[in-house]
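>>> with the sequence up front, the predicted model follows.
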Amino acid sequence: MTDILDDLAWRDLIAQSTDLDDLRTLLAAGPVTLYCGFDPTAPSLHLGNLIQILTLRRFQKAGHRPIGLVGGATGLIGDPSGKSAERVLNSKETVAGWVERIHGQVSRFLDFGDGPTGALMVSNLDWTGPMSAIEFLRDIGKHFPVNRMLARETVRKRLDTTGMSYTEFSYVLLQAMDYLELYRRYGCRLQTGGSDQWGNLTAGVDLIRRVESGSAHALTTPLLTKADGTKFGKTAGGENYWLDPELTSPYAFYQFWINADDRDVERYLKVFSFRSREEIEELVKQGAERPAARMPQRALAEEVTTLVHGAEECARVIAASRALFGQGELQDLDERTLRAALAEVPRAEVQPGELPPVADLFASSGLCKSKSEARRTIAQGGAYLNNTKVEAEDAVPSPDDLLHGRFLVLRRGKRNIGGVEVVRP
């Protein structure tokens, strides 16, 4: 059986553990049931959550049984960890819809079956919903000393600034109860999560010890940061890269990995790839020898996009990425993929009717600072319309040039891409 802890350590995926040596002994003895929770506080999970999903997958591939828990109950409250202010509570109907979506997202990464490593998916609303307030206070609340809860860093920070409601103050009890319930139902002995969840995870370990006199473990992964100091998994505008293709297109998702900083790509390969140590080290070597080829980034982008969106979708976005830069046929791209690709580049919108001159489009899209600069670019042979060099400074696109009847692809030189979309009022 694969030594999963050695693999996680090499991939820099261990931040904290209650007892690493004891956990290693437990894992070596046979299949261990572990879980990770995902709260439905948005309609989709994002790249930060993907680290935890893939950690569950790694444990399953190493011969253990993963449980994906979707917080149908805790999602109604929201974890205060890392938050500087009280969350806005979502309606029960909204949370229920998000539970279904996130259930499906996590399930895609796990293998289900009747064997000892067959994955499970659960919602904590199943055991929290039927419980009365009196039962919760008597059976769970009595095991949590208030002085210890007040000493938690999350609580201290909030009490010193914006304050904290009793609702959020109680969140840790609910998550600890989840661990206890899974321990009782399925013999779950390990909970994983990000390092910002350490207090919540250890609360569950302590509750199992107090109530069942049982032994359980917690293991966290580090929070991923980027070399340039910006937040991992965020767009330039601070928006998340989502796993849902309707919220982040597969093309934009692929481009995130392709554009990874050379300083980050080795770390990303370790965290998000299932390639072996030897394969990753070889890719990193190739990247150092030929940085312009971006071989590590390409391998990473293809693997992770395939994992999240499937091989067929990944093939579409690779074809689109190549076609935009003149290495494929733009006419072969489906409309959805082309639209998603052009959404990631400078773009001009025009009304139906006679199309403006190409020079005007280069200026209005932002590829050139002015019409005069655009005309100079054309004269110097550096302007392309749908991958065809523009020969005349006064060239005007024809309606036949419109891809899917509404798009034009502009390119300045080899690397600068822009787009045009015909939009109806």
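Received it, and whenever you're ready, just let me know what you need.
>>> poorly predicted segments of the stretch 201-350 of the chain, please.
The stretch 201-350 of the chain contains no residues with pLDDT under 70.
>>> do a quick rundown of the strands in it.
Counting by DSSP state E, counting those that start in this stretch, the stretch 201-350 of the chain has strands at residues 217-221, 347-350.
>>> also the stretch 1-150 of the chain?
Along the stretch 1-150 of the chain, counting by DSSP E, counting those that start in this stretch, strands occupy 16-17, 33-38, 65-70, 120-123.
>>> between the ones you listed, which one is nearest to residue 386?
Closest to residue 386 of the strands of the stretch 1-150 of the chain is strand 33-38 (CB to CB; 42.9 Å). C-beta here means a position set from N, CA and C on the backbone, and glycine is covered the same way.
>>> now the angle from that closest one to strand 65-70?
20 degrees (axes from the mean of the first three to the mean of the last three CA atoms, to 10 degrees).
>>> tell me how many other residues crowd residue 252.
Residues near residue 252, counting by other CB atoms under 10 Å, number 18.
>>> pLDDT at residue 155, what is it?
pLDDT, residue 155: 89.
>>> do the same with residue 2
pLDDT for residue 2: 57.
>>> and what of the one 3 residues further on?
Residue 5 is assigned 97 on the pLDDT scale.
>>> ranges for the helices of the stretch 101-250 of the chain?
Under the criterion DSSP state H, counting those that start in this stretch, the stretch 101-250 of the chain contains helices at 125-128, 133-139, 146-150, 153-160, 166-169, 171-186, 198-212, 250-258.
>>> average pLDDT for the second one?
Read that as helix 133-139. Across helix 133-139, the average pLDDT comes to 95.
>>> and the strands of the stretch 1-150 of the chain as a markdown table, adding mean neighbour count?
Formatted as a markdown table, those follow (neighbours: other CB atoms under 10 Å):
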| stretch | mean neighbour count |
| --- | --- |
| strand 16-17 | 18 |
| strand 33-38 | 23 |
| strand 65-70 | 24 |
| strand 120-123 | 19 |
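>>> quick check: closest non-adjacent residue to residue 272.
Among residues not flanking residue 272 along the chain, residue 304 sits closest, at 5.1 Å (CB to CB, 6 or more residues apart in numbering).
>>> repeat that for residue 344.
Once flanking residues are discounted, residue 344 sits nearest to residue 252: 5.5 Å by CB to CB, 6+ apart.
>>> residues touching that neighbour, list them.
241, 340, 343-344 (CB atoms under 8 Å, 6 or more residues apart in numbering).
>>> could you export the strands of the stretch 1-150 of the chain as CSV, including mean pLDDT and distance to residue 393?
Shown next, in CSV, are the strands of the stretch 1-150 of the chain (pLDDT from 0 to 100; distance: least, CB to CB, whole Å):
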stretch, mean pLDDT, distance to residue 393
strand 16-17, 98, 63
strand 33-38, 98, 56
strand 65-70, 98, 59
strand 120-123, 97, 61
